[in-house]
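*Asks:* need a 3D model of the following:
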Amino acid sequence: TSTLPGSSAGDSMAYDPVRQRMVLLTNDGTGHCIKEYDGTDWVTSTAVHQLPDRTECVMFFDEVLQKIIIFGGLATYSGLNDTWTWDGNSLVQLSPTHQPTPGSYAGTYNTDQNYCLITQGYSVETHHDFTHFISETWKWDGSDWLSVSSSPRPEPRYGSCMCWDSHRDAIVLYGGIQSD
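*Replies:* I've put the predicted structure just below:
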């Protein structure tokens, strides 16, 4: 059996179907790290030192790029809006032309049309101020973030979750804490 990673709040996870690994971005008590599970063992990567510390980021497998994408999240006193790829060996920071507002979002990957959608979240403007809600929707097309206008738009919230329902051809946004 394998030793389970310790628990911490704000972790993110995505599945890499090419390498058949669960990829976990977590804090192991000494700092953030990437751990991968192959069905038997958890292995800690040594390449994560390039990635700035963060919690509550969006992670997904980009089927076109064949890599895990890591986007945004929260640092100690600010939101982040950087975009990275992870291929199991190295982290590479991307430089998309457009970037969403720094912060924490809900996100999902549409496997039928090969794009990620992120929406609704919050950012940290000052120490322990979680009241800056983000009411934006963005689409990752494999090289850039594109702003998406939708109507009706959900009420601003954070802590929600999203998934792609391929059977119904719909993205489902559930829960969260609203701004009022």
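
*Asks:* from here on, contacts and neighbour counts on C-alpha atoms
*Replies:* Will do.

*Asks:* tell me which residues touch the residue positioned nearest the centre of the chain, please.
*Replies:* The centre of the chain sits closest to Val58, judged by C-alpha atoms, centre = their mean, with a distance of 0.7 Å. Shown in contact with Val58 (C-alpha atoms under 8 Å, 6 or more residues apart in numbering): 12, 69-73, 104-107.

*Asks:* which residues does it bridge with?
*Replies:* Judged by DSSP bridges, the bridge partners of Val58 are Phe71.

*Asks:* any idea how far Cys163 is from it?
*Replies:* Separation of Val58 from Cys163 (C-alpha to C-alpha, to the nearest Å) stands at 12 Å.

*Asks:* shared neighbours of the two, anything?
*Replies:* Listed as contacting both Val58 and Cys163 by C-alpha under 8 Å, 6+ apart are Gly107.

*Asks:* pLDDT below threshold where in this protein?
*Replies:* When residues are selected by pLDDT under 70, those of the chain lie in 1-3, 7, 29-30, 48-49, 125-131, 179-180.

*Asks:* and the helices in it, which stretches?
*Replies:* Remark: no helices are assigned in the chain by DSSP state H.

*Asks:* if I look at the nearest residue in space to Val124 that is not next to it in sequence, how far off is Gly72?
*Replies:* Once flanking residues are discounted, Val124 sits nearest to Ser78: 4.8 Å by C-alpha to C-alpha, 6 or more residues apart in numbering. Per C-alpha to C-alpha, Ser78 is found 10 Å from Gly72.

*Asks:* quick revisit: for the residue nearest to Val124, phi and psi?
*Replies:* When read as degrees, to the nearest 10, the backbone of Ser78 gives phi -160, psi 160.

*Asks:* where's it relative to Leu25, distance?
*Replies:* In terms of C-alpha to C-alpha, Ser78 sits 18 Å off from Leu25.

*Asks:* for Gly31, same thing?
*Replies:* Following C-alpha to C-alpha, the distance that separates Gly31 from Leu25 is 11 Å.

*Asks:* and the two? Which one has more around it.
*Replies:* Leu25 (24 against 11; other C-alpha atoms under 10 Å).
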